[in-house]
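J.: next one to model:
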Amino acid sequence: MWRWIGIGSAIIVIGIFLIPFLVFASVYRQSRVNEARPADAIVVLGAAQFNGIPSQVFQGTARHSIRPVSAGIRPLIVVTGGRILGDQYTEAEAGKTYLVDRGVPADAILMENVSHNTAASFEGVRRILAPRGIENAAPRQRRVPPLPLQDAGRERGIHRLWRCVRAEPH
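T.: I've put the predicted structure just below:
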């Protein structure tokens, strides 16, 4: 009887220390895995713009799309976002101007400039990219995308290639 109590206690003590270690080891191992896959376009999801000037959040997200296009890794950027009542510019127009001013060729930028939410942006991006035969795109946004947004993108043909960035000032 005491033998089984000792064995049970040992299993519990080992489990208390072993399980957190195994979880930590699994998370650490996964964090070192590069899951990058090729994409034919980068999608910069729109954010606020002020009279044609992208907000710092929008600038930070757009800035992270410049290097892959300049290096020839990705041939296209699609900027998204419409306008609200009273705006002179759409978010997409502000984003394109920002990118062109930083050396991205204008012909490497497509605009989806009618959407007012992320799901509509994905639908518009699909309509723009599908005739070009592009199915793999790498959406960029400031925060980690919630699963419903990832699913919305996947349902509209934007495969899961999320790249989340920290939006930082210049």
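J.: tell me the mean pLDDT over whichever helix in the chain runs longest?
T.: Longest helix in the chain by number of residues (criterion: DSSP state H): helix 2-31. Here helix 2-31 scores 87 as its mean pLDDT.
J.: helix or strand right after it?
T.: Per DSSP states H and E, the first helix or strand lying C-terminal to helix 2-31 is strand 41-44.
J.: C-alpha coordinates for that following strand, CSV please?
T.: Extracted C-alpha coordinates of strand 41-44, given in CSV (Å, rounded to 0.1, in the frame of the first residue of the first chain):
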residue,chain,number,x,y,z
ALA,A,41,2.2,40.0,-53.3
ILE,A,42,2.2,41.9,-50.1
VAL,A,43,-1.1,43.3,-48.8
VAL,A,44,-0.8,46.4,-46.6
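J.: helices and strands of this structure: which one bottoms out on pLDDT?
T.: Across the helices and strands of the chain, mean pLDDT, DSSP states H and E gives its lowest value to strand 163-164, namely a mean of 43.
J.: pLDDT weak spots in this protein?
T.: Counting by pLDDT under 70, the ranges of the chain that qualify are 34-38, 140-170.
J.: part of a strand, is Leu110?
T.: Yes - the assignment for Leu110 is a strand, going by DSSP: H, G, I helix; E, B strand; the rest coil.
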